[in-house]
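Participant: quick check, what structure comes out for this input:
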Amino acid sequence: MSKMVKASDRAIAAGLTCAIADPTDPGVVQAVVAADLLAGRDEYGRRYLAHHRRTHPR
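Facilitator: Reported below is the predicted structural model:
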């Protein structure tokens, strides 16, 4: 995991609501989707599950 992703995780956990980040970096996207799920901003985990299905095809 990159240093930037670790820093993003800490910032999101601390309440970051807006950041300048590379939306094409899969690690950043994964961190944001997971943080939204854990913070209760993704009702029923729908965005998390959709992201997981897109990035981990069977």
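
Participant: what's the nearest residue to V32 if we skip its chain neighbours?
Facilitator: Nearest in space to V32, with sequence neighbours left out and distances taken as Cβ to Cβ, 6 or more residues apart in numbering, is I12 at 6.9 Å. Backbone N, C-alpha and C define where each C-beta goes, glycine included.

Participant: T55 too?
Facilitator: Per Cβ to Cβ, 6+ apart, closest to T55 is P26, 7.1 Å.

Participant: again with A19
Facilitator: With sequence-adjacent residues excluded and distances taken as Cβ to Cβ, 6+ apart, A19 is closest to A11, at 6.6 Å.

Participant: and the gap between R46 and K6?
Facilitator: 26 Å (Cβ to Cβ, to the nearest Å).

Participant: pLDDT weak spots in the protein?
Facilitator: Within the chain, the segments meeting pLDDT under 70 span 1-5.

Participant: residues near H51, how many?
Facilitator: If you count neighbours by other Cβ atoms under 10 Å, H51 ends up with 20.

Participant: can you say which helix or strand has it in it?
Facilitator: Assigned by DSSP states H and E, H51 belongs to helix 46-55.

Participant: what's next to that helix, contact-wise?
Facilitator: The contact list for helix 46-55 (Cβ atoms under 8 Å, 6 or more residues apart in numbering) reads P26, V29, Q30, V33, A34, D36, L37, D42.

Participant: now render those residues as TSV, adding secondary structure.
Facilitator: Shown next, in TSV, are those (DSSP: H, G, I helix; E, B strand; the rest coil):
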residue	secondary structure
P26	helix
V29	helix
Q30	helix
V33	helix
A34	helix
D36	helix
L37	helix
D42	coil
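
Participant: test my guess that the residue nearest to V32 contacts Q30.
Facilitator: No: I12 is beyond contact range of Q30, at 11.5 Å (criterion: Cβ atoms under 8 Å).

Participant: on that earlier part again, could you measure from the residue nearest to A19 over to H56?
Facilitator: From A11 to H56 the distance is 25 Å (Cβ to Cβ).

Participant: ditto for V28
Facilitator: Distance of V28 to H56, computed by Cβ to Cβ: 17 Å.

Participant: ok, these two, which is more surrounded?
Facilitator: More crowded of V28 and H56, by other Cβ under 10 Å: V28, with 18 against 7.
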